[in-house]
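Participant: Here's a sequence, model it:
(2 chains, ligands or ions: 2)
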Amino acid sequence: MTQALRTTDPAPVLEAVAIDKYYGSNHVLKNVSLEVHPGEVVCIIGPSGAGKSTFLRTLNRLEVPDSGEVWVGGQPMGFELRGGKLYELTERRVAAQRARTAMVFQHFNLFPHLTVLENVIEGPVQVQRRKAREVRSEAVAILERVGLGDKIDQYPGQLSGGQRQRVAIARAVAMRPLFLLFDEPTSALDPELVGEVLEVMADLARDGMTMLVVTHEMAFARQVADRVVFMADGAIVEQGPVAQVLEAPREQRTQQFLQRVLA
Amino acid sequence: MSTPGTHGERLATRSPLPQVHLKHTGRWISAVIVLALLVLLAIGASQGDIDYAAIPSYLVSPVILEGLVNTLILAVVAQVSAIVIGVFIALMRISQNPVASAFAAGYTWLFRGLPVLLQILLWYNLALIFPRLQLGIPFTDIVFVDLSTNAVMTTFVAAFLGLALNESAYMAEIVRAGLKSVDRGQIEAAQSIGETPAQRMSRIILPQAMRVIIPPTGNDFINMLKGTALASVIGYMELIKAANNISSFNLQVMETLIAAAIWYMVVVSVASVGQYYLERGFDRQDRRPGGPPKATSLRRRVAADLGRAPMIRSTP
Ligand SMILES: Nc1ncnc2c1ncn2[C@@H]1O[C@H](COP(=O)(O)OP(=O)(O)OP(=O)(O)O)[C@@H](O)[C@H]1O
Ligand SMILES: [Mg+2]
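Facilitator: Residues are numbered from 1 along each chain as shown, chains lettered A, B, ... in the order given. Ligands and ions are numbered 1, 2, ... in the order given. Sure, this is the predicted structure:
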């Protein structure tokens, strides 16, 4: 397959505007703004406690920002725009907005009482109300693509960590989301299982999937990302193309961080 | 010192030495004592002033059977209601709404704190303080329902309220523990695929919480089956009241009570078996369809031992 063209469509699929978030008196996100365009792969790196996870979780409103807006596919997350004002939505309506996004968690969070296939079709069938038969064959195709075509009737408890994370990715992809959010998808894996998950993610990226990935895997960022965002202390310190941020960082804090993780 | 090779050969060719096993004398003595005590007990029981031959006919007598049916009805209706109420109280307890949460805490405190017998008696005598039960709009003359309390508060209703409300407080705690046992990540995963609060509860959280909820609920139901005996105090025709009704005519107190006891044992045994199968049904993530769990884990272990890394099918 030829590499999918990166579209330069001016309309961003995801826009975070001036996000602020406090935990008590702890100012965790400080005026964070970010745009992601269709087909882009953006890696977020930064030291522990920088607010990377918190920021990612405000994007699908698992975390509610104290101020700022998140626009997903032209809709304000958590709100309805009417007459120039944003009216807060009920949790039911927010859920419908979330169904246009998907997330892959550090600890997989597969549903242990459902089989692999049931995990993957849960969202499309229950939430998106798509036809079970059609969703099922699509889910099998996705699972085959992530190398788990022979595991569809197993339960998550019977799989290895790498296999579980690939099921979680399949579950996210089956939602046909506008973009995929990954929060350190390989951090909970044994080292020998990291490769198989990164390979699946790289494959999705080649296919033109829009992805936002919080990761400590610099090699992955270098090979797959279009853009790298460096966060520290609740703010975006520096962002730009891979070559610039990873090879020739402008900010001193980026340089220090990279020295530490690449040492 | 001999070399390992010759040492091994010597061990292989030598015939095994005879072994003398422990006699377990203490075990034999204690077994004999226990058996002797049981025999003494049986002799004692057979010499008692009791008409054993009458018991089988009491077991199937219409009065006892009516008592059995009433016991079952009361226990099932009270337990099912307690489960439904308990789920609502548990949801209120964990809700963000401080008023709902406080109400649920107070509810549990009250109905768990009072003896069940006392609760049954309070309901049964409600007419002493409220002779009429009315539903209407306060401070107006509008009344939708107006009933005599004594007509409403039958022995069944009073026993039902006492047992069900008390049990619902326990069920609320059981359900709450079950809900809390589900990992927070499960809720987030359900949120991330766009499930509404109701979908998250019914499809993701409750099915997993069931594993924690069912065993204590089964225990509680067995307690409920026996707890219905308290309803005999206000004259509800359950097993014990039925037994007493017979013996008040013919004075065969023990014979009728033993018949009731046998029915309790039967019903409790059946309930225990039912609980076992219910628990198995909700344990499905531990099993693989079409194969026993042992085969699964064995196969996985062998695969792991061979160090077979899972393969990724490369896409064209
Ligand atoms: N639920 C919470 N309650 C209170 N404080 C929180 C909560 N979640 C995160 N924090 C705090 O917010 C800050 C940012 O946390 P966050 O998890 O977003 O960092 P991170 O960049 O993802 O770090 P890591 O690389 O360790 O995952 C930290 O100081 C953390 O202690
Ligand atoms: Mg994090």
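Participant: before we move on, which element is residue B:70 in?
Facilitator: Element membership of residue B:70, judged by DSSP states H and E, is helix B:62-94.
Participant: pLDDT of that helix, averaged?
Facilitator: If you average the pLDDT over helix B:62-94, you get 96.
Participant: who does it touch, helix- and strand-wise?
Facilitator: helix B:98-113, helix B:155-181, helix B:206-227, helix B:239-250, helix B:253-281 (3 or more C-beta pairs under 8 Å, 6 or more residues apart in numbering or on different chains; DSSP states H and E). C-beta: built from backbone N, CA, C; applies to glycine.
Participant: and it, which residues are buried?
Facilitator: B:63-64, B:66-68, B:70-72, B:74-75, B:78-79, B:81-83, B:85-93 (16 or more other C-beta atoms under 10 Å in any protein chain shown).
Participant: residues touching the residue lying closest to residue B:124 once chain neighbours are set aside, list them.
Facilitator: Spatially, and ignoring its direct neighbours in sequence, residue B:124 is nearest to residue B:158 (3.8 Å; C-beta to C-beta, 6 or more residues apart in numbering or on different chains). Contact analysis of residue B:158 by C-beta atoms under 8 Å, 6 or more residues apart in numbering or on different chains lists B:120, B:123, B:124, B:126, B:234, B:236.
Participant: how near is the closest residue to residue A:14 other than its chain neighbours to chain B?
Facilitator: In space, and not counting its chain neighbours, residue A:14 is closest to residue A:36: 4.2 Å by C-beta to C-beta, 6+ apart. Between residue A:36 and chain B the computed distance is 17 Å (C-beta to the nearest C-beta, to the nearest Å).
Participant: Just to check, residue A:36 is in contact with residue A:178?
Facilitator: No - assessed by C-beta atoms under 8 Å, residue A:36 is found out of contact with residue A:178, at 9.5 Å.
Participant: Packing partners of the helix with the most length in chain A?
Facilitator: In chain A, assigned by DSSP state H, the helix with the most residues is helix A:191-206. Under the contact criterion of 3+ C-beta pairs under 8 Å, 6+ apart, helix A:191-206 touches helix A:161-173, strand A:211-214, helix A:218-224.
Participant: Let's test this: mean pLDDT of the helix or strand that the first one is followed by, rounded?
Facilitator: In this case it means helix A:161-173. Where DSSP H and E defines the elements, the next helix or strand beyond helix A:161-173 is strand A:180-183. Taken as a whole, strand A:180-183 carries a mean pLDDT of 98.
Participant: Where does pLDDT dip in chain A?
Facilitator: Within chain A, the segments meeting pLDDT under 70 span A:1-10.
Participant: Spatially, and excluding backbone neighbours, which residue is closest to the residue in the stretch 51-200 of chain A that chain B sits nearest to.
Facilitator: In the stretch 51-200 of chain A, the residue that lies nearest chain B is residue A:99 (2.7 Å; C-beta to the nearest C-beta). Leaving aside its sequence neighbours, residue A:99 sits nearest to residue B:194 (C-beta to C-beta, 6+ apart; 2.7 Å).
Participant: would you say the one you found is within a helix?
Facilitator: No - Residue B:194 sits outside any helix when classified using DSSP: H, G, I helix; E, B strand; the rest coil, being coil.
Participant: now check the one helix or strand residue A:121 maps to, is it near chain B?
Facilitator: Assessed by DSSP H and E, residue A:121 sits inside helix A:116-122. Yes - counting by C-beta under 8 Å from any C-beta of the partner chain, chain B is contacted by helix A:116-122 at residue A:122.
Participant: Next secondary structure after that helix?
Facilitator: helix A:132-145.
Participant: Residues in contact with that following helix: which ones?
Facilitator: A:116-117, A:120-121, A:124-125, A:149, A:151-152, A:167, A:170, A:173-174, A:203, B:313, B:315.
Participant: now the most centrally placed residue in chain A, which residues is it bridged with?
Facilitator: Most central in chain A under C-alpha atoms, centre = their mean is residue A:181, positioned 0.8 Å from the mean C-alpha point. With DSSP bridges applied, residue A:181 shows beta-bridge pairing to residue A:103, residue A:212.
Participant: Residue A:101 is in contact with that one, correct?
Facilitator: Yes - the pair residue A:181 and residue A:101 passes the contact test of C-beta under 8 Å, sitting 6.6 Å apart.
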